[in-house]
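1. any chance you can model this:
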Amino acid sequence: MTASAEARETALLAAQAAADKLATDVSIVDVSDRLAITDAFVLAAAPNERQVQAIVDEVEERLRRHGVKPVRREGVAEARWVLLDFVDVVVHVQHAEERAYYALERLWKDCPTIPFVDRAAPPAADGAPAATGTLSTDDVDPGSSDPVPLAPDPTEDLTEDDLTDDELADEDALEGDPLQEEPLGGAADGDAGTTGR
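-> Okay, the predicted model is just below:
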């Protein structure tokens, strides 16, 4: 037995709502073979209590717009592990520390997962959805403690043949003597436009 189509749709809506509020490690586990009380768990994590609460609010609002209301809410006051029970789907939004400690995926590892890909994730070069949260060492500035991908230098692979005449002139001007007395525009030394050094 697998999760019902309605439960799958609800779980995917909840997962996307969580991802839209920048939840991390969003996954859906089909627990219908193991539990009689629900079909699927949506698991999501956040780095702090405020974001846990924001994710919970967004999940509730998004599902309410689709006519699905929670029958039970737990953990909202502490915002470390909030459980939203939508009967067929139970959403667990955990602080990242709780997510790592309790490892619900490991507890339910014998259950199949329901594929979820964040619609905001950029597609990979081959057209398939890109894996989120995966950076290689080439993508990160080694001198930084922040693992933010480096932006490529748009002129890095350009040759002189790729540059326009104006761009070449700008490069030549930059390579000139930085202490030259002649100001830009070609004024003579005696002009009022000199730097006065």
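2. so where's the protein shaky on pLDDT?
-> Across the chain, the ranges flagged by pLDDT under 70 are 1, 122-197.
3. do a quick rundown of the strands in this protein.
-> 24-30, 40-46, 72-74, 81-85, 89-95 (DSSP state E).
4. got those as CSV, with mean neighbour count and distance to Arg65 columns?
-> Placement of C-beta: from N, CA and C, glycine included. Output for the strands of the chain, formatted as CSV (neighbours: other CB atoms under 10 Å; distance: least, CB to CB, whole Å):
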stretch, mean neighbour count, distance to Arg65
strand 24-30, 20, 19
strand 40-46, 26, 17
strand 72-74, 12, 18
strand 81-85, 20, 15
strand 89-95, 26, 15
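5. I'd say Leu22 and Gln51 touch.
-> Yes. Here Leu22 reaches Gln51: they are 6.9 Å apart, a contact under CB atoms under 8 Å.
6. these two: which is more packed in?
-> When Leu22 and Gln51 are compared for neighbours, Gln51 comes out ahead with 19 against 14, by other CB atoms under 10 Å.
7. residue contacts, that one?
-> Counting by CB atoms under 8 Å, 6 or more residues apart in numbering, Gln51 touches 21-23.
8. how far away is the residue nearest to Arg73 when sequence neighbours are not counted from Val90?
-> Excluding its sequence neighbours, the residue lying closest to Arg73 (CB to CB, 6 or more residues apart in numbering) is Leu84, at 5.8 Å. Plainly put, Leu84 is 7 Å away from Val90 if you go by CB to CB, to the nearest Å.
9. and the helices in this structure?
-> 5-20, 49-65, 96-102, 104-107, 165-175 (DSSP state H).
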